[in-house]
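K.L.:
with the sequence up front, the predicted model follows.
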Amino acid sequence: MKIREFEKYIKKMSLQIDDKSACREIKLEMNEHLMESYEELIAQGKSHDEAVKISIENIGEASNIGAALDKVHTPKLRLWQITAIVFIVILFIAIVFAYFYFTLASMQRGISAKGGF
């Protein structure tokens, strides 16, 4: 059974999750939790509307839950971190290259000034 309020809740929660591969699993699991809670409340004699409302309230604010789940399911490195690492490596290579280039150039100038080549 699909419950529109649960779908809205799950959609709002999933907007906070960056890892889209984990997001699919999280959405399915969240739907299962909501449905289990709903069915238990219905079995206790709650109305449809009460069961939906209580099920959602028991889990918490969608944005907060989504943000918390995003922290748990965040890939080890984000794109900006990878970009920063690549930039630092390229910068290091450029510095090493410049050091050796200018060291060689100054050595060659020293040799030619002494009457070498």
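P.N.:
Done, it's in.
K.L.:
lowest-confidence helix or strand of the chain?
P.N.:
helix 79-113 (a mean of 85; mean pLDDT, DSSP states H and E).
K.L.:
and that one, what does it pack onto?
P.N.:
The helices and strands touching helix 79-113, judged by 3 or more CB pairs under 8 Å, 6 or more residues apart in numbering; DSSP states H and E, number zero. The way it works is simple: take the backbone N, C-alpha and C, and place the C-beta from them, glycine included.
K.L.:
residues of it that come out buried?
P.N.:
Buried residues in helix 79-113, counting neighbours by 16 or more other CB atoms under 10 Å, are absent.
K.L.:
then stretch 39-56?
P.N.:
41, 46, 51-52, 55-56.
K.L.:
which of these lies closest to Tyr101?
P.N.:
Ile56 (64.5 Å; CB to CB).
K.L.:
show me what the helix or strand where that closest one lies is packed against.
P.N.:
Here Ile56 sits within helix 48-59, counting by DSSP states H and E. Other elements packing on helix 48-59 under the criterion 3+ CB pairs under 8 Å, 6+ apart are helix 4-14, helix 20-43.
K.L.:
tabulate the CA atom coordinates of the longest one in PDB.
P.N.:
Once non-C-alpha atoms are left out, helix 20-43 reads as follows in PDB (Å, rounded to 0.1, in the frame of the first residue of the first chain):
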ATOM      1  CA  LYS A  20      22.400   8.500  -4.600                       C
ATOM      2  CA  SER A  21      23.300   4.800  -4.600                       C
ATOM      3  CA  ALA A  22      22.800   4.700  -0.800                       C
ATOM      4  CA  CYS A  23      19.700   6.900  -1.200                       C
ATOM      5  CA  ARG A  24      17.700   4.200  -2.900                       C
ATOM      6  CA  GLU A  25      18.300   1.700  -0.100                       C
ATOM      7  CA  ILE A  26      17.600   4.300   2.500                       C
ATOM      8  CA  LYS A  27      14.300   5.200   0.900                       C
ATOM      9  CA  LEU A  28      13.200   1.600   0.800                       C
ATOM     10  CA  GLU A  29      14.200   1.000   4.400                       C
ATOM     11  CA  MET A  30      12.500   4.200   5.600                       C
ATOM     12  CA  ASN A  31       9.300   3.200   3.800                       C
ATOM     13  CA  GLU A  32       9.400  -0.200   5.500                       C
ATOM     14  CA  HIS A  33       9.800   1.500   8.900                       C
ATOM     15  CA  LEU A  34       7.000   3.800   8.300                       C
ATOM     16  CA  MET A  35       4.700   1.000   7.100                       C
ATOM     17  CA  GLU A  36       5.500  -1.200  10.000                       C
ATOM     18  CA  SER A  37       4.700   1.600  12.400                       C
ATOM     19  CA  TYR A  38       1.500   2.400  10.500                       C
ATOM     20  CA  GLU A  39       0.400  -1.200  10.600                       C
ATOM     21  CA  GLU A  40       1.100  -1.500  14.300                       C
ATOM     22  CA  LEU A  41      -0.900   1.700  15.000                       C
ATOM     23  CA  ILE A  42      -3.800   0.500  12.900                       C
ATOM     24  CA  ALA A  43      -3.800  -2.800  14.800                       C
END
